[in-house]
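# coords below, sequence missing:
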């Protein structure tokens, strides 16, 4: 009996291994085999690259990962791949102290010193910051609130701060963050817009002026990608339009090589791509220049992270020109793209998870 | 490349197995050495070069020692001593990373670690001592000796067997689908220990470890250290089982390193079942030679405790690790005195668990001070018995803890062995192939997002 069991085990396991091993040889277009160089072969980087490549290339990898997430959540409670699975949403559970914000603050301070206009800074919490209460206590001890407070303390006195954290916390019962992503919804952006625009000295447009369209109800964000947790409902992406309001007359995306291409506030073609969040302002580049038919000569410079993309459509109602800069995508300093002193106001709008010296370094004056 | 990685399980392992089995008998050792070199190269060519140089140096020194010893020359001590110093220095330098000059001289990048150095150093030292003492002759075949040090099924977690045992195993290799089935069963069992049990327990341990010990409630501290002990057991025995299972598939019947030590009824039983070959190595090469040269029983006991302290140091290369070993040794000595105590009989499993867990605090802590701080938390020194974290951890991990505690004992195996109902055994045997495939599938799903399960509590 023992021998038969051993033979059957050998046959079953070999069949299983050979099947999935062979099926993984079929190219799936996702895996990138690392290029061998002397350095990575010598220090083992090539071997670990191959190991990662094997994971991406593994047959039916998405189904495996999805099954793995479910198993993980059954076995070890609610944390899968650094993401906490709450009843109705996914929350990043790997909020580490993102280190010293002093360097980032110093860059913003140096920007403000060489700038003639007014500088505003809004550090936006991620969903983990706002819904941190749901997280087990040992995961939420370094709160985003502390990180934002620390950053604000380090910013110069002439920079006006926007208290995005408390505002978003107050609105946390509303649909202000995506369920499957750490980013906010367009409604979340609208909530902050009302506060920000008043700081900038302008009256906000009321909510009922907008026509809201749900453009997709199949959005699955970065947290879903990390867990492949199917039970988390996909999100709805909205666009806010004001047909009777100010119209955009020009929207141009400027690349690092200086090439310009037309873009729009909302790019529905992104819904068919891997980056559905590109719906807002289209494919990301270093600079987007927006001109409107409002005749007030107000010019605003927005320097921001991903969350700024869904925020900008609200600002277009009040400015004749807005330059939206994504320093993360810039390969050279900001003043090689624009003259910042052409703009009377500058708004730094960053997710607190994106406030890093690396992301901001290109905004430094040469 | 870890054993518990997709690349190994679905790539390297089946391919190497196929290549090995189609190789003519005469060339099997060479093919195994080439496969082992490829396995090493996955950790970097620098690692391969280092281990190859290590093998060559040790091989040459052992040959020289043997030749000079046969001539009765006292000078045979020179290559022996030089090689011993070289091996111990290499182990110390790489484990402690306190010799940046050596890293720079060898052009090794920061963080470079020769995987398995703790294990293969014990093998190399044991072999050298045996040759010097004339217990065995030095190996003439460089291929065979290279396999002793760097054979890939033994590389990551041993077992550390004596050279004559190794050659006996190599010479009595078996092949056939039966061996393959047994090997794959042991391999998958080890994989499940590592991926299912150890990785989950690690999450619990880390959840507790992320706190300052001054903030911990007593129950949380107990949960954390229990998770650590179980995680350590499942990690070490899981990787060791995988290695032994791979060895079986190649026809080598290496002994298993762990024999269900957790929840033993005596500390000495625990010690006899924990990392058997490593503990045996310290007994054979440290305790025995030194105790045989002294007459005093007390000094003998001190040497015994000292050898355990050395074993503790081998695990962690810290003072607190040595303290763990010394405490284990002392407990075994004291237990020997109290062998007939009724109290001991009545509380066997509980007191063993308590001692093993309390001692493990020092293995887990980086320093002796932090170890005592943790112990203080365990006895309620932070004036808190439970808190929110305790409840959350219990809610999330209680089932895992209970299941892994049960899995770490030999209760299930004994139930099968003692079962008089043939039907129960038959059902278990019939279900084994399906259970193994299921376990492999579950482990594959769990490592599919990262590609491997690399978490290790100790780098050996």
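Structure's in. What do you need? Quantities reported herein were computed from a predicted structural model and do not represent experimental measurements.
# Count the residues that sit near residue A:286.
As a burial measure, residue A:286 scores 21 neighbours (other Cβ atoms under 10 Å in any protein chain shown). To be clear about C-beta, it is placed using only N, CA and C from the backbone, and glycine gets the same treatment.
# pLDDT wise, what is it at?
With respect to pLDDT, residue A:286 has a value of 89.
# Below-threshold pLDDT in the stretch 201-350 of chain A: ranges please.
For the stretch 201-350 of chain A, applying pLDDT under 70 flags no range at all.
# Secondary structure element for the closest residue to chain B within the stretch 251-366 of chain A, which one?
Of all residues in the stretch 251-366 of chain A, residue A:274 sits closest to chain B, at 17.6 Å by Cβ to the nearest Cβ. According to DSSP states H and E, residue A:274 maps onto no helix or strand at all.
# what's the burial count for it?
So residue A:274, with other Cβ under 10 Å, has 7 neighbours.
# Quick one: residues contacting it.
With contact set as Cβ atoms under 8 Å, 6 or more residues apart in numbering or on different chains, residue A:274 has no partners.
# now swap in the one 10 residues further on and tell me
Residues near residue A:284 by Cβ under 8 Å, 6+ apart: A:278, A:306, A:309, A:326, A:329.
# And for the residue in the stretch 251-400 of chain B positioned nearest to chain A, the neighbour number?
Closest approach between the stretch 251-400 of chain B and chain A, counting by Cβ to the nearest Cβ: residue B:396, at 3.2 Å. Neighbour count of residue B:396, defined by other Cβ under 10 Å: 19.
# State the phi and psi torsions of it.
phi -80, psi -30 (degrees, to the nearest 10).
# Verify the stated contact: it with residue A:78.
Yes: using Cβ atoms under 8 Å, residue B:396 is in contact with residue A:78, at 7.2 Å.
# ok, for residue B:13, nearest residue in space, not its chain neighbours?
Among residues not flanking residue B:13 along the chain, residue B:246 sits closest, at 6.8 Å (Cβ to Cβ, 6 or more residues apart in numbering or on different chains).
# for the one you found, what are its contacts?
So residue B:246 contacts B:3, B:13, B:152-153, B:183, B:187 (Cβ under 8 Å, 6+ apart).
# Format those as TSV; extra columns: neighbour count and pLDDT.
Below are these laid out as TSV (neighbours: other Cβ atoms under 10 Å in any protein chain shown; pLDDT from 0 to 100):
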residue	neighbour count	pLDDT
B:3	27	89
B:13	25	93
B:152	27	91
B:153	28	91
B:183	26	92
B:187	27	94
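# The spatially most central residue of chain A: what's it in contact with?
The residue lying closest to the centre of chain A (Cα atoms, centre = their mean) is residue A:306, at 4.5 Å. Taking Cβ under 8 Å, 6+ apart, we find residue A:306 in contact with A:183, A:277, A:284, A:326, A:351, A:354.
# From residue A:93, how far off is it?
Going from residue A:306 to residue A:93 by Cβ to Cβ, to the nearest Å gives 20 Å.
# measure residue A:225 to residue A:63 for me?
15 Å.
# out of those two, which sits in the busier spot?
residue A:225 (15 against 12).
# Tell me which residues are up against the helix or strand hosting residue A:112.
Here residue A:112, judged by DSSP H and E, is contained in helix A:102-113. By Cβ under 8 Å, 6+ apart, the list of residues contacting helix A:102-113 from outside reads A:119, A:121, A:151, A:154-156, A:158-159, A:340, A:346, A:348, A:355-357, A:359-361, A:363-365.
# Name the residues of it that are buried.
Buried residues in helix A:102-113, counted by 16 or more other Cβ atoms under 10 Å in any protein chain shown: A:104-109, A:111-112.
# okay if I get these as JSON lines plus pLDDT?
Supplementary listing: these in JSON lines, determined by pLDDT from 0 to 100:
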{"residue": "A:104", "pLDDT": "86"}
{"residue": "A:105", "pLDDT": "88"}
{"residue": "A:106", "pLDDT": "88"}
{"residue": "A:107", "pLDDT": "89"}
{"residue": "A:108", "pLDDT": "89"}
{"residue": "A:109", "pLDDT": "90"}
{"residue": "A:111", "pLDDT": "88"}
{"residue": "A:112", "pLDDT": "89"}
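# what about the strands in chain B?
Per DSSP state E, chain B carries no strands over any range.
# Same question for the stretch 151-300 of chain A.
Remark: strands assigned in the stretch 151-300 of chain A by DSSP state E, counting those that start in this stretch are A:159-162, A:211-219, A:235-241, A:248-254, A:260-262, A:287-292, A:299-304.
# from those strands, which stretch is densest packed?
strand A:299-304 (a mean of 22; mean count of other Cβ atoms under 10 Å in any protein chain shown).
# what's the next helix or strand after it in contact with?
Sequence order places helix A:312-315 as the next helix or strand after strand A:299-304, per DSSP H and E. The contact list for helix A:312-315, computed with Cβ under 8 Å, 6+ apart, reads A:186, A:189-190, A:193, A:197, A:204-205, A:239-240, A:265-266, A:280-281, A:288, A:290, A:300, A:302, A:322, A:324.
# give me the subset of those touching chain B.
When these are checked against chain B using Cβ under 8 Å from any Cβ of the partner chain, none falls in range.
# interface residues of the stretch 151-300 of chain A facing chain B?
Applying Cβ under 8 Å from any Cβ, one finds that the stretch 151-300 of chain A approaches chain B through A:226, A:228.
# which residues of the stretch 151-300 of chain A fall in helices?
A:164-170, A:186-199, A:222-227 (DSSP state H, counting those that start in this stretch).
# any idea how far the first one is from the chain center?
Put simply, helix A:164-170 sits 18 Å off its chain's centre (Cα atoms, centre = their mean, to the nearest Å).
# What residues sit buried inside it?
Neighbour-count burial for helix A:164-170 [16+ other Cβ under 10 Å]: A:164-165, A:167-169.
# mind giving me the domain split of chain A?
Per the record, chain A has its domains at A:2-77, A:102-363, by automatic domain parsing.
# Go through those domains and name the closest to residue B:375.
Among the domains of chain A, the nearest to residue B:375 by Cβ to Cβ is domain A:102-363 (20.7 Å).
# picking that back up, and the helices of the stretch 151-300 of chain A as a markdown table, adding distance to residue B:81?
Below are the helices of the stretch 151-300 of chain A laid out as a markdown table (distance: least, Cβ to Cβ, whole Å):
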| stretch | distance to residue B:81 |
| --- | --- |
| helix A:164-170 | 66 |
| helix A:186-199 | 71 |
| helix A:222-227 | 54 |
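# Mean confidence (pLDDT) on stretch B:43-50, please.
89.
# And chain A, is it touching that?
Yes: judged by Cβ under 8 Å from any Cβ, stretch B:43-50 comes into contact with chain A through B:43-47.
# Among these, which lie within helices?
B:45-47 (DSSP state H).
# looking at these, which has the most residues close by?
The most neighbours of any of these, using other Cβ under 10 Å, belong to residue B:47, which has 23 neighbours.
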